[in-house]
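Asker: Based on what follows, work out the 3D shape:
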Amino acid sequence: MFERRLQEVRKHLETSGLDALLVSHLPHVRYLTGFSGSNGLCVVTLSKQYFLTDNRYREQSKTEIDGFEIVITSDTLLKAARKRGMINGKKKIGFESQYLSVSTFENLKKLFPSASFVSKRSVIETIAAVKEESEIEAIKRAAAITDKVFRKVLLALKPGVRELDIAAEISYWHQRFGADGDAFESIVASGPRGALPHGRATEKRIRKGEFVTLDFGCKCKGYNSDLTRTVAVGPPTERGRKIYRIVLEAQRMAIEATRPGVPARNLDRVARRHIRQKGFGKYFSHSLGHGLGIEIHEPLRLSVKSKDVVRVGNVFTIEPGIYLQGVGGVRIEDDVVVRESGCEVITKSPKELMIL
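Answerer: Got it, this is the predicted structure:
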């Protein structure tokens, strides 16, 4: 598994004329090595691969990492790389510019004055966009935990309960069911606050007849889940029922259209066209979805401007929504994996309108 990933990195080094790649973003370090700690650096050259960390992870790195030369140091990781001669004399070094601070980059140039550093923004992201079957299974495990949490949260959704209380329930049950923790700060938005696509939980108390949008996920063994469901606490208005039905139809249409070779923007177009034809086009204010895996948001984008093409092994979200300022909103989100035959929905929580 890790050998294939290293081979892909080296292919990129060769085609880009690079001598080495510095991988500093911890999810990417984990993707290449399996290391789950909080301080690590990978150096991949055309013939060797190194992993550097500090003494806290001496034993952990032995159990998690295989196939890398492991360096334990009391220096900064970049200083250790220089002392060990890992990239000394190398002419062109790629680095993850979007994850490196300006001060770290300046230090990098001081430590390796003869090297030429090349910004590489998507090497690991491109490799990771197509998931191996073991990765898909890991995402499914995370999604199964989140599905279980959703069932628990339904029991707590009642008039008078604060949004913050529901968010706390989500975090508690994620860890009770075996997750490493939340994938992101949970969104719990009730009533008019449902018009906020990223409405974080507040002190607001849920009222009878309101929609509540729940957007949450967990991280499990390095991989993420992401689920959104909108439920009614008491009977909603007829307008609310109509909006819910439109969003659900749009989501199902996009899922049905998902297959290998389809431009990602076409999936967004399918859902957006349906919502627009029903008279709510200007209230769908974000893209249809995003890539999912070692990061909660990965580069594949399902948007009108996307240039991506859907490939077998891609995992992404499909999450259309309608948001009416001062009234509320509805969003429905599933995680899906692209197969040769079409689209497999990973998340299993029910999507028909639930009235609690």
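Asker: tell me the SS of the residue nearest to S61 when sequence neighbours are not counted?
Answerer: Take S61 and drop its neighbours on the chain: the residue closest to it by Cβ to Cβ, 6 or more residues apart in numbering is I70, 5.3 Å away. In this view, the C-beta of every residue, glycine as well, is placed from N, C-alpha and C. Here I70 is recorded as strand under DSSP: H, G, I helix; E, B strand; the rest coil.
Asker: Hmm, I70 is touching Q49, no?
Answerer: No. Taking Cβ atoms under 8 Å as the definition, I70 is not a contact partner of Q49, at 10.3 Å.
Asker: ok, those two, which is more surrounded?
Answerer: More neighbours sit around Q49 than around the other of I70 and Q49, counting by other Cβ atoms under 10 Å; the figures are 22 against 17.
Asker: for that one, what are its contacts?
Answerer: Contact criterion Cβ atoms under 8 Å, 6 or more residues apart in numbering gives L6, L32, C42, V43, G67, F68, E69 as the residues in contact with Q49.
Asker: Can you name the residues bridging to it?
Answerer: In this structure, Q49 has the following beta-bridge partners (DSSP bridges): V44.
Asker: what do you get for K92?
Answerer: Applying DSSP bridges to K92 gives these bridge partners: S116.
Asker: Can you give me the neighbour number for it?
Answerer: The burial count assigned to K92 is 14, neighbours taken as other Cβ under 10 Å.
Asker: between the contacts of Q49, which is nearest A168?
Answerer: Closest approach to A168 among these (Cβ to Cβ): L32, at 35.0 Å.
Asker: Can you spell out which helices and strands pack onto the one helix or strand the closest one maps to?
Answerer: Here L32, judged by DSSP states H and E, is contained in helix 26-33. Helices and strands in packing contact with helix 26-33 are listed as helix 2-16, strand 41-45, strand 49-53, helix 123-128; criterion 3 or more Cβ pairs under 8 Å, 6 or more residues apart in numbering; DSSP states H and E.
Asker: give me that answer again for 10 Å
Answerer: Where contact means 3 or more Cβ pairs under 10 Å, 6 or more residues apart in numbering; DSSP states H and E, helix 26-33 is packed against helix 2-16, strand 20-23, strand 41-45, strand 49-53, helix 58-64, helix 123-128, strand 223-224.
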